[in-house]
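> Pasting a predicted model and its sequence here:
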Amino acid sequence: MSIGMRRLVRQAYRLIPPTLGAAAWAAATLGAAHAQDYPARAVTIVVPLAAGSGVDLVARNYGEQLSKAFGKPVVVENRPGAATMIGTNSVATAVADGHTLLAATSSAMAINPTLYKKIAYDPNRDFVPINFYLKSPFVLCVHPDLPAKSLAELIKIAKERPVPFSFGSPGAGTAQHLSMEYIKHRFGIAMTHVPYRSNPQYVSDVVAGHLNLSFIQVAAATPLLSLGKVRGLAVSTATRMPGLPDIPTLAEATGDKDIETVSWHMLYAPAATPKPIVDRLHTVTKAITTTPAFRKFLLDRGEAPVDTPPIDDIRAYIKSEQVKWGSLVRRLGLAGSL
């Protein structure tokens, strides 16, 4: 804090309004002072998935832009493991000064609380959302050796096979995992889930034929589809993807008109981060994510950019997603199963 700012704070203490608690007013004043000095050092964005994942690649681009805006280094740190919970919890318990942020997905904030018996963090109590910047859709992809040309054909083959199909995901409880569990439950078929530590690992095994099928992010699936490395049977969005117009939606393929299983990415800070710092982060990150260059980066990767709403609206969206995913987890009989 600068000498001038310290002087202002001391003067402020002498002018505390009688109707305002001294502690609360001092905290607000000091928070504003810290916000003027923020960031004082390098900012770390924790990605709770391995390097090379979609979350990681977007966070790194995001970090570059944030570094330019702040004039301070922004470091992306990968802390994978335990279905994103290791990295997520590390930010929940970090110093709440805006220098440690989390790039989180729906898995950490909307799925894990219902899927797991116990998690170390509370997504609503321990975090404040900063920015909601994209939705990430998936394609249900099968290895070309499978003769299925549609989801209906896949279901028929699966029911006739003596050995269950195998599918991968970047971890138990991820949207990719639950999307396939939904297929299993909806059509009464057996499949073996193989969790991986990152997207590139399980995608490579689908291409190599070590896995029979998987839900794969559009960005990774699109070039594989064009090269004939995989075959697409359905997209997880409510409407068909512009770049994949011939692939039906999951709703069309299953007959369940309300089903949509997409992941989303948001930037979070620890809940106790001073509001002036939260507000500054929100303003700066919103400016970054609405630039044509950043939106093009997302669109080129098959992601759906989001024009981030106010923080209170983001909170409301998160709660609605917690209800949606929690309901699906319970309907599938998976609540507290991990």
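Yes, it's here. Numbers count the residues shown, from 1 in each chain.
> hmm, who's touching the helix or strand containing residue 69?
Using DSSP states H and E, residue 69 maps to helix 54-70. Helix 54-70 is contacted from outside by 39, 43, 45, 47-50, 73-76, 78, 103, 105, 133-134, 136, 199, 217, 219-220, 265, 267, 284-285, 287-289, 291, 294, 297-298, 301, 303, using Cβ atoms under 8 Å, 6 or more residues apart in numbering. Glycine gets a C-beta too; all of them are placed from N, C-alpha and C.
> Report the buried members of those residues.
Using 16 or more other Cβ atoms under 10 Å as the burial test, these include 39, 43, 45, 47-50, 74, 76, 78, 103, 105, 133-134, 136, 199, 217, 219-220, 265, 267, 284-285, 288-289, 294, 297-298, 301, 303 as buried.
> Just these: which are in strands?
43, 45, 47, 74, 76, 78, 103, 105, 133-134, 136, 217, 265, 267 (DSSP state E).
> any idea which of the residues you listed is the one closest to residue 243?
Set against residue 243, the nearest of these by Cβ to Cβ is residue 217 (12.7 Å).
> Turn the ones in strands among the buried ones among the contacts of helix 54-70 into TSV, including pLDDT.
Conversion of these to TSV gives the following (pLDDT from 0 to 100):
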residue	pLDDT
43	97
45	98
47	96
74	97
76	97
78	96
103	97
105	91
133	94
134	92
136	89
217	90
265	95
267	97
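> farthest-separated two in the residues you listed?
Once Cβ to Cβ is applied, those give 43 and 217 as the farthest pair, at 26.2 Å.
> Checking residue 118 next. Helix, strand or coil?
Recorded secondary structure, residue 118: coil (DSSP: H, G, I helix; E, B strand; the rest coil).
> That one: how many residues sit nearby?
Residue 118 sits with 7 neighbouring residues when counted by other Cβ atoms under 10 Å.
> what's the answer for residue 67, then?
For residue 67, the count of nearby residues is 16 (other Cβ under 10 Å).
> same check, this time on residue 256
Neighbours of residue 256 (other Cβ under 10 Å): 12.
> That one touches residue 186, doesn't it?
Yes: counting by Cβ atoms under 8 Å, residue 186 is a contact partner of residue 256 at 7.0 Å.
> Residue 65 versus the most centrally placed residue in the chain, what's the distance?
By Cα atoms, centre = their mean, the chain has its centre lying nearest to residue 105, at 1.6 Å. Relative to residue 65, residue 105 is positioned 20 Å away (Cβ to Cβ, to the nearest Å).
> now swap in residue 168 and tell me
32 Å.
> Between the two, which is the more surrounded one?
Neighbours were counted for residue 168 and for residue 65 using other Cβ under 10 Å; residue 168 has more, 27 against 19.
> tell me the SS of that one?
Quick answer, by three-state DSSP: residue 168 is strand.
> Over to residue 232?
strand.
> what's the span of stretch 192-212 from first residue to last?
10 Å (Cα to Cα, to the nearest Å).
> Just the buried positions in it, please.
193-194, 196, 198-200, 202-203, 205-207, 211-212.
> can you put the residues you listed in TSV and add secondary structure?
Shown next, in TSV, are the buried residues of stretch 192-212 (three-state DSSP):
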residue	secondary structure
193	strand
194	strand
196	coil
198	coil
199	helix
200	helix
202	helix
203	helix
205	helix
206	helix
207	helix
211	coil
212	coil
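> All good on my end, thank you.
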